[in-house]
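Asks: Got a sequence here, can you build the structure:
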Amino acid sequence: MELTVSQVAKFISGKLEGDGSAPVYGVAKIEDAHEGEVTFISNPKYAKFIDSSSASAIIVGMDFPATDKTIIRTENPYVAFLRVLRYFHPQKEMLEEGIHSSAVIDPSVFVGDDTRIGAGVVIGKNSVIGKNCRIFPNVVIGEDVQVGDNTLIYANVTLREQVHIGRNVIIHSGTIIGSDGFGFAREGDIYHKIPQVGIVIVEDDVEIGANCTIDRATLGQTIIRKGVKLDNLIQVAHNVDIGENTVIAAQSGIAGSTKLGKNGIVGGQVGIVGHIEIGDYVTIAAQSGVSKPLASKTVVFGYPARPIMQAKREEAALRKLPDLLKRISELEDKIRRMEKE
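Replies: Numbers count the residues shown, from 1 in each chain. Here you go, the predicted model:
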């Protein structure tokens, strides 16, 4: 596939400045881009690479400084570059048509039109698989599971019984949805298992990374709402409710019955205790520990998580503590010497 720079600018509704006749064959990072490739700058710290770049065109923001390089100005250079990336790297079909002969599918299962099912897949009784789905090898789907249209389930995923998956969902390899929640009742020194009889609902347009675990509710529902994006290695406990369009980075864990509002941002390795509510548009910085409810539009950091500017001031003061202790010790020695005189 080949475009000219002018065609790229038109394709992303951008404003071209420079040579529009140059051919474009692909895309690359700003550090690596060569002639014939398009790149982008959305983070100012990468602007330092523009002078050394050989890219045929660089997608930038509307307020980017003037340059002698060929640039395409857009409102959102990251999203614009994404469109170009998809053009040059369209998603390839990785499964053969139909259902692989080694798949084990109960006769009661409904499979929608144009769905492809790979080798070794197992699907239990009364499950419903929507149209145009892709289910890769060795996926296990339990009884009474619903999978919506256009959903992509990569190899070695497990969907246990009564899990509901929406439309346009992507689930990456190794993830398990619907495993038992961590529920035990203590009697003396003995722990009795509490039956986990609830379900998991994953709404439309969700993406779940590799090796995540999403537990079924004890009673009721664990819910991953529309547009949520989960990174790899995330634990979602029983009865958790994650609000629409919230994004959570890798190695984070959310304890049982906690509710996260919509449009939240959770950094990597964040721990959130159970039975609390976090508001809408909350940002939790990486490696924070959240032990109390958070109001909407809060930005927090640290352990315990607290307003980020407060946390930074406290961290800065803490770094000064060894020197302060040394100075105090020196002053105490000086006072003792003065008292002896």
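Asks: Go through the chain and flag its longest helix.
Replies: helix 308-340 (DSSP state H).
Asks: Which positions within it qualify as buried?
Replies: The neighbour-count check on helix 308-340 (16 or more other C-beta atoms under 10 Å) flags 308, 311 as buried. Just so you know, the C-beta spots here come from the backbone N, C-alpha and C atoms, and that holds for glycine as well.
Asks: what do you get for stretch 57-69?
Replies: Neighbour-count burial for stretch 57-69, counted by 16+ other C-beta under 10 Å, picks out 57-61, 64, 69.
Asks: quick one: buried residues of stretch 162-182?
Replies: By neighbour count on 16+ other C-beta under 10 Å, the buried set for stretch 162-182 is 162-178, 181.
Asks: measure it end to end?
Replies: Stretch 162-182 has an end-to-end distance of 18 Å (C-alpha to C-alpha, to the nearest Å).
Asks: same deal with stretch 86-101?
Replies: First-to-last residue span, stretch 86-101, C-alpha to C-alpha: 33 Å.
Asks: Contacts for that stretch, please.
Replies: Residues outside stretch 86-101 that contact it (C-beta atoms under 8 Å, 6 or more residues apart in numbering) are 1, 3, 11, 25-27, 105, 111, 116-121, 134-137.
Asks: Kindly report the same for stretch 183-203.
Replies: Contact with stretch 183-203 is made by 162-166, 169, 177-178, 180-181, 208, 214-228, 238-239, 244, 256, as judged by C-beta under 8 Å, 6+ apart.
Asks: average pLDDT for that stretch?
Replies: Throughout stretch 183-203, pLDDT has a mean value of 98.
Asks: and what of stretch 45-63?
Replies: Per-residue pLDDT values across stretch 45-63 average out to 96.
Asks: Please renumber the chain so that the first residue is 30 from this point on.
Replies: Okay, residue one is now 30; in that scheme the one you just asked about reads as stretch 74-92.
Asks: Now do the end-to-end distance for it.
Replies: Where stretch 74-92 begins and where it ends lie 15 Å apart, using C-alpha to C-alpha.
Asks: pretty sure residue 50 contacts residue 32?
Replies: No. Judged on C-beta atoms under 8 Å, residue 50 makes no contact with residue 32 at a distance of 11.3 Å.
Asks: and these two? which has more neighbours close in?
Replies: residue 32 (19 against 9; other C-beta atoms under 10 Å).
Asks: which residues does the more buried one form a beta bridge with?
Replies: Assessed by DSSP bridges, residue 32 has beta-bridge partners residue 53.
Asks: So it versus residue 324, what's the distance?
Replies: Residue 32 sits 48 Å away from residue 324, going by C-beta to C-beta, to the nearest Å.
Asks: Can you tell me which of the buried residues of stretch 86-98 is nearest residue 277?
Replies: Proximity of these to residue 277, judged by C-beta to C-beta, is greatest for residue 90, which lies at 27.1 Å.
Asks: How many neighbouring residues does the residue nearest to the closest one when sequence neighbours are not counted have?
Replies: Using C-beta to C-beta, 6 or more residues apart in numbering and skipping residues adjacent in sequence, the residue nearest residue 90 is residue 106, 5.4 Å away. As a burial measure, residue 106 scores 24 neighbours (other C-beta under 10 Å).
Asks: I'd guessed residue 106 sits against residue 70; true?
Replies: Yes. With contact defined as C-beta under 8 Å, residue 106 counts as touching residue 70 (6.4 Å).
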